[in-house]
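Engineer: Sequence and computational prediction follow.
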Amino acid sequence: MTARSVTARSSRVYRRDGCLIGMGSTILDGARIGRGSLVGAGALVTPGTDIPPVASCWAPPARVVRPINQKSGSRSRDGAAHYVELARSTLQATADPRYVSSSV
């Protein structure tokens, strides 16, 4: 997911455009996720943690593992876009028309 599609439970989580947040990860108050960074699935970003731009982090608690190079960053963005498209098509294919509002 890109930062624009993430729902934060607190207004005190700061994330920049282009970061990818893995499924099941938890980002707590005061954490800052830099532009183009990757937070791995299941990671726990503790309060006040600062993830620099273009960095890969994971584990509970999340820590920076390595910088992201152009090739791996492109591969991550492509994978995320593919996953979002699969989710959309699955939702459309399994939607029960009895529960889909025509006014939305």
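Structural biologist: Everything's here; your move.
Engineer: Any stretches of this structure with poor pLDDT?
Structural biologist: Within the chain, the stretches with pLDDT under 70 are 1-15, 73, 96-104.
Engineer: for it, what spans make up the helices?
Structural biologist: 70-94 (DSSP state H).
Engineer: Geometric centre of it: which residue is closest?
Structural biologist: Centroid-nearest residue in the chain: Ile21, 1.9 Å away (criterion: Cα atoms, centre = their mean).
Engineer: and that residue, bridged to which residues?
Structural biologist: Val39 (DSSP bridges).
Engineer: I figured it was touching Ser37, is that so?
Structural biologist: No: the pair Ile21 / Ser37 is not scored as a contact, 9.1 Å apart, by Cβ atoms under 8 Å. Backbone N, C-alpha and C define where each C-beta goes, glycine included.
Engineer: quick one: Ile27 and Ile33 touch, right?
Structural biologist: Yes: when contacts are counted by Cβ under 8 Å, Ile27 is listed as touching Ile33 (6.9 Å).
Engineer: Now for Val64: which residues touch it?
Structural biologist: Residues counted as contacts of Val64 (Cβ atoms under 8 Å, 6 or more residues apart in numbering) are 51-52, 55-57.
Engineer: Ser89: how many residues sit nearby?
Structural biologist: The number of residues packed near Ser89 is 10, by other Cβ atoms under 10 Å.
Engineer: Next: Arg35.
Structural biologist: Burial of Arg35 is recorded as 13 neighbouring residues (other Cβ under 10 Å).
Engineer: Show me what stretch 39-50 is in contact with.
Structural biologist: The contact list for stretch 39-50 (Cβ under 8 Å, 6+ apart) reads 19-34, 51, 56-62.
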